[in-house]
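[1] build the 3D model from these lines:
(one chain, ligands or ions: 1)
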Amino acid sequence: MTDTVRVELGPRSYDILIGPGLIARAGGILAGALPGRRIVPVTDEAVARFHLEPLLRGLRDAGVTPQGEPVVLPAGERTKSFAQFENLLEELLGRGIDRSTLLLALGGGVVGDLAGFAAATALRGIDFVQVPTTLLSQVDSSVGGKTGINSRHGKNLVGAFHQPRLVLADTAALDTLPPRELLAGYAEVVKYGLIDDPAFFGWLEDNGRHLIDGDAAARTAAIRASCAAKARIVGADERESAERALLNLGHTFGHALEAAAGYDGTLLHGEAVAIGMVLAFRLSARLGLCAAEDEARVARHLRSVGLPHRLADVPEAMRVPEELLAHMGKDKKTRQGSLTFVLARGIGRSFVAKDVDPEAVLRMLRDGDPA
Ligand code: GLY
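    Numbers count the residues shown, from 1 in each chain. Predicted structure coming up:
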């Protein structure tokens, strides 16, 4: 069974298909939806092991001829680099791609972001489709058209908005995901409940555990709700001039923790976001915007599924208050020195707060976790 969520962006609108078996069926779906294209699959070594063969078989069966061998990149965040971007572009241009070429990004956020950016820039823009294989990429990075690479000055600082033509989220691919990665992706699912959907957060309190343990129906329902939430926000504010910033709930703190960890794998993005969301609610409570019980409820749910939810969950060297604040100052969402956070008036009542007093943030970080 396949669910469809539509991202409404006028002439750049597209569907997100969600369900099991979509990787094997991608060939047939693409032959129908985007006929006559020459396809270049781009993936990484870890994903290729599980998912490349079924994809290629599906393409062959549907009579779709790939334009050369699939491009298989090294796995890991370091692949989102200028060097790999250059390699990929030169490889594509060396194959004689033209405007009818369709890049197919098979993998998690790293592959999707890099291949998407290559698609945005090759020949001033060619089409691409996202076939996300991690929970994080299925509910967040594959949807909405943010593409890019990292710079030595920070993550995702070089990139472009370039919407995919189609997203195929194969829920069965999640079965091959390391449990820690699945859990980290779950933090982004929780985020949608906390932004503006308290009923979804309540549903996750009841069903989150089942979803993590492999309940296929719960997974599909959560991914559909997450994609629908993201599609709604992106449809209203594609280029993040207003409410798209809500998707950064937990990310200002989270990025600071990731930067303090040196992106060395100590802390996965979703794990950092989980702690960051609790801190966003804590700051909101300390500023008198929401009840302390809201923070406690968020933390309780994250703890119940096994996600980190306290500053104390990261090594001491990674939570030096002054250093975290300095990292927040470098975040690309920080404009002219003032701190922008997503804060909350309650569960599902988030809003973008500009000009947050850095002293209040520092005091909170110095005080540490509540007893
Ligand atoms: N991941 C945040 C966004 O797509 O805007």
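
[2] so how far is stretch 255-268 off the chain centroid?
    16 Å (C-alpha atoms, centre = their mean, to the nearest Å).

[3] so residue 65 sits against residue 38, correct?
    Yes: contact criterion C-beta atoms under 8 Å: residue 65 and residue 38 qualify, at 7.1 Å. Glycine gets a C-beta too; all of them are placed from N, C-alpha and C.

[4] what residues does the stretch 1-150 of the chain have near the ligand?
    Near the ligand, the residues belonging to the stretch 1-150 of the chain are 140, 144, 146 when assessed by C-beta under 6 Å from any ligand atom.

[5] now the last one. Its backbone dihedrals?
    Same thing as residue 146. phi -80, psi 120 (degrees, to the nearest 10).

[6] got it, and residue 62?
    phi -90, psi 0.

[7] for residue 98, see how far away residue 170 is.
    Distance of residue 170 to residue 98, given as C-beta to C-beta, to the nearest Å: 28 Å.

[8] neighbour-wise, which of these two wins?
    Under the criterion of other C-beta atoms under 10 Å, the comparison of residue 170 against residue 98 puts residue 170 first, with 26 against 11.

[9] what would the residues of the stretch 1-150 of the chain next to the ligand look like in CSV with pLDDT and distance to residue 42?
    Listed next are these as CSV, based on pLDDT from 0 to 100; distance: C-beta to C-beta, whole Å:
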residue, pLDDT, distance to residue 42
140, 98, 19
144, 98, 19
146, 98, 17
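
[10] and the strands in the stretch 201-350 of the chain, which stretches?
    Remark: strands assigned in the stretch 201-350 of the chain by DSSP state E, counting those that start in this stretch are 339-344, 350-356.

[11] pick the most buried one from those strands.
    Scoring the strands of the stretch 201-350 of the chain by mean neighbour count under mean count of other C-beta atoms under 10 Å gives strand 339-344 as the most buried, with a mean of 23.

[12] that one pairs with which strands, parallel or anti?
    strand 350-356 (antiparallel) (DSSP bridges).

[13] CA atoms only for the helix or strand following the strand it pairs with, dumped as CSV, please.
    For strand 350-356, the following helix or strand on the C-terminal side (DSSP states H and E) is helix 358-367. As requested, the backbone C-alpha atoms of helix 358-367 are provided in CSV (Å, rounded to 0.1, in the frame of the first residue of the first chain):
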residue,chain,number,x,y,z
PRO,A,358,22.1,35.6,25.0
GLU,A,359,22.5,36.1,28.8
ALA,A,360,19.3,34.2,29.4
VAL,A,361,20.6,31.4,27.3
LEU,A,362,23.9,31.4,29.0
ARG,A,363,22.3,31.4,32.5
MET,A,364,20.2,28.4,31.5
LEU,A,365,23.2,26.5,30.2
ARG,A,366,25.2,27.3,33.3
ASP,A,367,22.4,26.1,35.5
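
[14] and the angle from helix 358-367 to strand 339-344?
    70 degrees (axes from the mean of the first three to the mean of the last three C-alpha atoms, to 10 degrees).

[15] give me the distance from helix 358-367 to the chain's centre.
    That offset, for helix 358-367, works out to 28 Å (C-alpha atoms, centre = their mean).

[16] go on, stretch 177-187?
    12 Å.

[17] rounded mean pLDDT for it, please.
    Mean per-residue pLDDT for stretch 177-187: 97.

[18] so stretch 345-359, near the ligand or not?
    No: Stretch 345-359 does not reach the ligand (C-beta under 6 Å from any ligand atom); its nearest approach is 12.3 Å.

[19] helices along the stretch 101-250 of the chain, start to end?
    109-121, 135-136, 179-196, 198-213, 216-236 (DSSP state H, counting those that start in this stretch).

[20] I'd like those as JSON lines, with distance to residue 12 appended.
    Shown next, in JSON lines, are the helices of the stretch 101-250 of the chain (distance: least, C-beta to C-beta, whole Å):
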{"stretch": "helix 109-121", "distance to residue 12": "12"}
{"stretch": "helix 135-136", "distance to residue 12": "23"}
{"stretch": "helix 179-196", "distance to residue 12": "22"}
{"stretch": "helix 198-213", "distance to residue 12": "27"}
{"stretch": "helix 216-236", "distance to residue 12": "10"}
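
[21] ok, back up a step: list buried residues within the residues of the stretch 1-150 of the chain next to the ligand.
    140, 144, 146 (16 or more other C-beta atoms under 10 Å).

[22] nearest to residue 197, of the residues you listed?
    Checking these against residue 197 with C-beta to C-beta, the nearest one is residue 140 at 15.1 Å.

[23] for the residue lying closest to that closest one once chain neighbours are set aside, what are its contacts?
    Leaving out its chain neighbours, the residue that sits closest to residue 140 by C-beta to C-beta, 6 or more residues apart in numbering is residue 188, at 4.8 Å. The contact partners of residue 188, by C-beta atoms under 8 Å, 6 or more residues apart in numbering, come to 135, 136, 139, 140, 226, 270, 273.

[24] now residue 188: how far from residue 242?
    Taking C-beta to C-beta, one finds residue 188 at 20 Å from residue 242.

[25] ok, the residue of the stretch 1-150 of the chain at minimum distance from the ligand - contacts?
    Using C-beta to the nearest ligand atom, residue 144 is the residue of the stretch 1-150 of the chain that sits closest to the ligand, at 4.2 Å. By C-beta under 8 Å, 6+ apart, the residues touching residue 144 are 7, 163, 230, 234, 238, 244, 247.
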